[in-house]
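Peer 1: Model the following, please.
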Amino acid sequence: MTGNQKHSSQLILLHERDNVLACRRKIRQGETLSIDGTTICAGGDIGVGHKLARVDLVPGDVVLKYGVPIGSITQSTRIGEHVHTHNMKSDYIAITTRQSTGEDAPTP
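Peer 2: Predicted coordinates:
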C-alpha cells in the first residue's frame, strides 16, 4: 500500500494519485471489499489485473493508473465498480475487441 491508504488485500494501489485500484486476484460478485476505509460489496466478478474505481467517477473524468492518465470515463462509475472498456476509453489509441467469426477456427 502507498501512504496511509487502506484497501482489502485483494487490491493494490499502484500510485498515490491513482483513482483506480488493480485486482491482485479475481474478485467474486458479492465479495466484501474495503477501499480507503469504505466497505463495499462487489457488484460482479472482476478479473485479476483489472481495475476498480477508487472513488465515484463521472463521464469525462481522467482515469489515473501508475500516477498517469490512461483514459477517460464514458459513463458514471461508482466506487468499487469495474473500470474497463465498457465505461472508459483510451485517450491515446482506439479500443478494439476481438470476436471470433468462426473463420479462424481450426480445420478438423
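Peer 1: Isn't K65 up against L13?
Peer 2: No: taking contacts as Cβ atoms under 8 Å, K65 lies outside contact range of L13: 10.1 Å. Quick note: C-beta positions are derived from backbone N, CA and C, even for glycine.
Peer 1: So what touches the strand ranked longest in the chain?
Peer 2: Under DSSP state E, the strand in the chain containing the largest number of residues is strand 68-73. The contact list for strand 68-73, computed with Cβ atoms under 8 Å, 6 or more residues apart in numbering, reads 57-64, 83, 87-92.
Peer 1: can you check stretch 8-20 too?
Peer 2: If you take Cβ under 8 Å, 6+ apart as the criterion, stretch 8-20 is touched by 1-3, 5, 7, 21-25, 27, 31-35, 51-55, 57, 61, 63-67, 83.
Peer 1: list the buried ones in that stretch?
Peer 2: S8, Q10, L11, L13, D18, N19, V20 (16 or more other Cβ atoms under 10 Å).
Peer 1: now, which of those sits nearest G44?
Peer 2: Taking Cβ to Cβ as the measure, G44 lies nearest Q10 of these, at 14.4 Å.
Peer 1: what ranges do the strands span in this protein?
Peer 2: Using DSSP E, strands in the chain cover 11-12, 20-23, 32-35, 38-41, 51-53, 62-65, 68-73, 82-83, 88-89.
Peer 1: who touches K65 in this structure?
Peer 2: K65 touches L14, H15, D18, V20, A22, K51, counting by Cβ under 8 Å, 6+ apart.
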